[in-house]
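1. predicted model and sequence below, questions to follow.
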Amino acid sequence: AAASIAVASASERGLLGLAFSPHYAADGRFFVNYTDVNGHTAIARYSVSADNPNRADLSSGEVILQIKQPHPNHNGGDLAFGPDGYLYISRGDGGNANDPKKNGQNLNTLLGSILRIDVDHKEGDKPYAIPKDNPFVDQKGVAPEIFAYGVRNIWRMAFDRKTGELWAGEVGQNLWEEVNIIKKGGNYGWNLRESLHPFGAK
């Protein structure tokens, strides 16, 4: 079924990310990260129109990943294809101040993390596959999509064209902003730390 592109109104919601397939010239596919009418995250795949190379084919829309949002802010939302051809997705901690649900340090949720998925293959009942070298594959109680975690609300990220490193802009709570180089399996500290500084009672 075609994906709805209508969005819920309020706070930090809307169309949050766009990434073109590394093979766009051949496959005409692109991916969007948006907030759906229920206020939850949707990652959807679309194709270019066969009639017009400057338009998308709306009927081609397919939601490949949905993530429930507990609050209307901290949706993260950027998308980027890595040099490895996999799709990287930034996920905020789910919102409200201080990460009250402690999603940043919870490896059982897709919130508060950078996800990495293979959109060229399918696995089981998912319309995508899990890269075999993702850091938490086959670990009980851990979401295998997670590439790195402990983030609050990464809103932009990009791969360095020379080094292949993933750079990410992270929105801080009150005092500190961050620019992080994202490493596989890395824990970026939220909500125990804000940047290099202790945060909260713990």
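-> Alright, I've got the coordinates.
2. what's near enough to touch the residue nearest the centre of the chain?
-> Closest residue to the average C-alpha location of the chain: residue 89 at 2.4 Å, with C-alpha atoms, centre = their mean. The contact partners of residue 89, by C-beta atoms under 8 Å, 6 or more residues apart in numbering, come to 17, 33, 43, 65, 76, 78, 79, 114, 115, 116, 117. Just so you know, the C-beta spots here come from the backbone N, C-alpha and C atoms, and that holds for glycine as well.
3. per-residue confidence for it?
-> In this model, residue 89 is scored at 98, pLDDT.
4. one more: the one 4 residues further on?
-> Per-residue pLDDT puts residue 93 at 96.
5. would you mind measuring from it to residue 118?
-> For residue 93, the distance to residue 118 (C-beta to C-beta, to the nearest Å) stands at 25 Å.
6. quick one, which of the two is more surrounded?
-> Neighbours per residue, other C-beta atoms under 10 Å: of residue 93 and residue 118, the larger number sits with residue 93, 32 against 18.
7. what's the separation between that one and residue 43?
-> Residue 93 is 17 Å from residue 43, by C-beta to C-beta.
8. ok so, going back, just among the contacts of residue 89, which is most surrounded?
-> Going by other C-beta under 10 Å, residue 76 tops the contacts of residue 89 with 32 neighbours.
9. wasn't that one part of a strand?
-> No - counting by DSSP: H, G, I helix; E, B strand; the rest coil, residue 76 is not found in a strand; it is coil.
10. wait, isn't it in contact with residue 156?
-> No - judged on C-beta atoms under 8 Å, residue 76 makes no contact with residue 156 at a distance of 9.8 Å.
11. so of the contacts of residue 89, which ones are in strands?
-> 17, 33, 43, 65, 79, 114, 115, 116, 117 (DSSP state E).
12. quick one: contacts for the second one?
-> Going back to what we said before, that points to residue 33. 15, 16, 17, 18, 41, 42, 43, 77, 78, 79, 89.
13. can we see that at 10 Å?
-> Remark: with contacts taken as C-beta atoms under 10 Å, 6 or more residues apart in numbering, residue 33 is in contact with 15-19, 41-44, 65, 67, 75-79, 87, 89-91.
14. sweet, I'm off.
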